[in-house]
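1. structure here, sequence nowhere to be found:
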């Protein structure tokens, strides 16, 4: 009888895990899931299906950051609350992306800086705001953001496209 109960419990636990993971997959479109799989594969250096501290260290090394502290890597891994397989990896991104404001809210915020309704804001003025107001950005964060920001030849940011990138991700293919 005890083994029957144990078997029932493990089946129930498996169903809970399956339900939990299926919710994660429903948060994203199939193309997004494929992109996350590619990213996971790039980070999972030893191809064992689990992201470990050595995987993270090697990934950072390939990106040119050689002096990453073990404590920093351990903090990243703690976010997974256990081994980070693809489902956990996807869940972590789902949690992070769920905190993004709706596209309409972001657009309305940009419109405050666009009194003429052109759909653009000046890059230099926007940079100054990011560096000096509210939750200040570092110069490195600003440059990183501008790397994926649509900017025209006049130095204006197409904030409608930027809002789409913020809420849906960068659609550019390499």
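-> Good, I have the coordinates. Note that the structure is a prediction, hence the values are computed from the model and not measured.
2. tally up the residues packed near residue 149, please.
-> Number of residues near residue 149 (other C-beta atoms under 10 Å) recorded here: 18. The C-beta positions use only the backbone N, C-alpha and C, and glycine is treated the same way.
3. which element is residue 68 on?
-> Using DSSP states H and E, residue 68 sits in no helix or strand.
4. and it, what does it touch?
-> 56, 57, 60 (C-beta atoms under 8 Å, 6 or more residues apart in numbering).
5. can you verify the second one is assigned to a strand?
-> Pointing back at residue 57 there. No - looking at residue 57 with DSSP: H, G, I helix; E, B strand; the rest coil, it is helix, so not inside a strand.
6. okay, now it: neighbour count?
-> If we define neighbours as other C-beta under 10 Å, then residue 57 has 16 of them.
7. same thing with residue 36?
-> Count around residue 36 with other C-beta under 10 Å applied: 17.
8. ok, back up a step: nearest to residue 83 among the contacts of residue 68?
-> Checking those against residue 83 by C-beta to C-beta gives residue 56 as the nearest, at 13.2 Å.
9. surely that closest one touches residue 73?
-> Yes - assessed by C-beta atoms under 8 Å, residue 56 is found in contact with residue 73 at 4.9 Å.
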